[in-house]
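1. what shape does this take:
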Amino acid sequence: MPLTGAERQKRFREKQKLNAETLEKYKKQKHEYYVKARKPIALANDREKRRIRRGWNKAQQEHRARIKRMTADAVNMASPVSSSPDSDNGQAVEPPPSVSTGAIRQRYLRRIKCLNVANKKLKNKLRSVEKQCWRLRKKTSACVAPTSATTPRSKTKYVM
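-> The predicted structure is shown next:
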């Protein structure tokens, strides 16, 4: 049976590791390729700078879109499973066999982490709104008409 590309590459790397000369030559080639590919932006001309920055912008947009898709998928997973007309007992649909359980677990863990962060933000927001309400209540209670139990100072404060 023929070898896959990954197996061939693995054998090639193992063979290179056995000989010190070939290993050094291989490392030097990799380093030269890296240095050539990773030209600092300060050394690039204006056209190249625009091209590089466009690539950065595109990568950032793709990254944000991927995060948005993941959060949307997580929201869909968190919502209750609706029973389809095919499944009469209302059980959840099994994931396709190509998806590993580890990947599914990681997805759920990411979703849990995301929800915990959102929960913390909401709690902070709630605390701040509660403080605002408390301050407003305190302010309005100070402006209430004085009753017989108030002091002369609070009566003058109300009049002013």
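
2. what's the neighbour count on residue 16?
-> Neighbours of residue 16 under the rule other C-beta atoms under 10 Å: 16. Quick note: C-beta positions are derived from backbone N, CA and C, even for glycine.

3. contacting residues for it?
-> Residue 16 is in contact with 22-23, 26, counting by C-beta atoms under 8 Å, 6 or more residues apart in numbering.

4. out of those, the closest to residue 104 would be?
-> For those, the residue nearest residue 104 by C-beta to C-beta is residue 26; the value is 38.4 Å.

5. and the closest one, how far from residue 5?
-> Distance of residue 26 to residue 5, computed by C-beta to C-beta, to the nearest Å: 18 Å.

6. likewise residue 132?
-> 62 Å.

7. more neighbours: which of these two?
-> Counting neighbours by other C-beta under 10 Å for residue 132 and for residue 5 shows that residue 132 has the greater number, 10 against 7.

8. read off the pLDDT value for that one.
-> With respect to pLDDT, residue 132 scores 93.

9. and for residue 125?
-> 95.

10. and if you look at residue 31?
-> pLDDT, residue 31: 92.

11. number of residues surrounding it?
-> As a burial measure, residue 31 scores 10 neighbours (other C-beta under 10 Å).

12. from residue 37, how far off is it?
-> To residue 37, residue 31 is 11 Å away according to C-beta to C-beta.

13. same deal with residue 150?
-> 79 Å.

14. these two - which one has more neighbours?
-> Taking other C-beta under 10 Å, residue 150 and residue 37 do not tie; residue 150 has more neighbours (13 against 7).
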